[in-house]
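Visitor: When you get a sec, could you give me coordinates for this:
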Amino acid sequence: MPANNQNNLNNGISVDCVIFGFDFEKLQILLIEREPGKKDNPLDYALPGDLIYNDENLDQAANRVLKELTGLENIYLEQSAAFGSLDRTQRESDRAWLESVRDQPDLRVITISYYSLVNINAFDPKPSSFASKLVWKPVAEIEDLAFDHFDILNQALDNLRNRLKIRPIGFNLLPEKFTLSQLHKLYEAILGRELDKRNFRRKMAKLDLVVRLDEKQQGVPHKPSNFYKFNTENYQKLIEEGYDNFGF
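Guide: Down below sits the predicted model:
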């Protein structure tokens, strides 16, 4: 394990984590609040991220930083992109924050971003370190973030949408039992647009991605829908082999 001290930090390389979640209505993003007590300024919110240690690889750093700032662990993180713009830390609000937490606030930092998808109800993130607060915010409502984190978020979202075209998504975002309407809503939330209901269900059936259960919703104010579960074996096969453009 890396030695947890300032002397072991690599001041020129960081990792940032884009954690997507789904609340059955909207695609959400987990953010840390850097400076409590201010108005809801988007520049006070950032992705969970920090410098790496010299004796850990990037994957280890991403998992460590996520755990240190949010308490989340045992989450699969996929590398998204690298960001190294010369002006990525030059905004006044970012400079002030860096000067309060970094020994070398003027040093250029290149960051490697990671993204993941989690079921919001399955995790209970807790803020720690310099994260004074954690919030889930709808992705579609975010217009800016600290540093270049808005660009990092958008790149991860693009990667997620491109992945959706060749790999199934949903296992980590939905409960074990779900309705087809919930699965449909998830794909619409990720893609940011409406999908024809009948075409969506036809494609799901063609892929043999879900299995209908002999169980329906209870206590709902509308006609109860059947529950489904993922066809685990075929789901894993499609993750490994992919498919030829799902058409989304």
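
Visitor: contacts and neighbour counts: CA atoms only from here.
Guide: Fine.

Visitor: what residue ranges in this protein score low on pLDDT?
Guide: 1-6, 35-42, 245-248 (pLDDT under 70).

Visitor: for it, what spans make up the strands?
Guide: Counting by DSSP state E, one finds strands in the chain at the ranges 9-22, 27-33, 45-46, 49-53, 78-83, 110-119, 133-138, 210-216, 226-230.

Visitor: could I get those strands as TSV with mean neighbour count and distance to Arg163?
Guide: Formatted as TSV, the strands of the chain follow (neighbours: other CA atoms under 10 Å; distance: least, CA to CA, whole Å):
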stretch	mean neighbour count	distance to Arg163
strand 9-22	23	14
strand 27-33	23	16
strand 45-46	24	24
strand 49-53	23	23
strand 78-83	17	11
strand 110-119	21	12
strand 133-138	18	20
strand 210-216	14	19
strand 226-230	19	18
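
Visitor: So which of those is nearest Thr89?
Guide: strand 110-119 (10.3 Å; CA to CA).

Visitor: ok, the closest one: who's next to it in the sheet?
Guide: Here strand 110-119 is paired, per DSSP bridges, with strand 9-22 (parallel), strand 78-83 (antiparallel).

Visitor: Relative to Val109, which of the ones you listed is closest?
Guide: Counting by CA to CA, Val109 lies closest to strand 9-22 out of the strands paired with strand 110-119; the figure is 4.4 Å.

Visitor: Can I get the closest one as CSV, trimmed to CA atoms?
Guide: Taking Å, rounded to 0.1, in the frame of the first residue of the first chain, the C-alpha atoms of strand 9-22 are listed here in CSV:
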residue,chain,number,x,y,z
LEU,A,9,2.5,12.7,-3.5
ASN,A,10,3.1,13.2,-7.2
ASN,A,11,2.2,16.9,-7.5
GLY,A,12,1.9,16.8,-11.3
ILE,A,13,-0.7,14.0,-11.7
SER,A,14,-4.2,13.6,-10.4
VAL,A,15,-7.2,11.4,-10.9
ASP,A,16,-10.9,12.5,-11.0
CYS,A,17,-13.9,10.2,-10.7
VAL,A,18,-17.2,10.6,-12.5
ILE,A,19,-19.7,8.6,-10.6
PHE,A,20,-23.1,8.2,-12.4
GLY,A,21,-26.2,7.1,-10.6
PHE,A,22,-29.8,6.5,-11.5
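
Visitor: residues touching Pro175, list them.
Guide: Asn119 (CA atoms under 8 Å, 6 or more residues apart in numbering).

Visitor: Next: Ala140.
Guide: With contact taken as CA under 8 Å, 6+ apart, Ala140 is in contact with Leu27, Gly192.

Visitor: And Tyr114, by the same measure?
Guide: Val15, Asp16, Cys17, Val18, Ala62, Leu77, Glu78, Gln79, Ser80, Ala81, Ala156 are the contacts of Tyr114 under CA under 8 Å, 6+ apart.

Visitor: which ones are touching the third one?
Guide: When contacts are counted by CA under 8 Å, 6+ apart, Cys17 is found next to Leu47, Pro48, Gly49, Ala62, Leu66, Ser113, Tyr114, Tyr115, Ser116.

Visitor: One more: the fourth one?
Guide: Taking CA under 8 Å, 6+ apart as the criterion, Val18 is in contact with Ile29, Leu30, Leu47, Pro48, Ser113, Tyr114, Tyr115, Ser116, Ile152, Leu153, Ala156.
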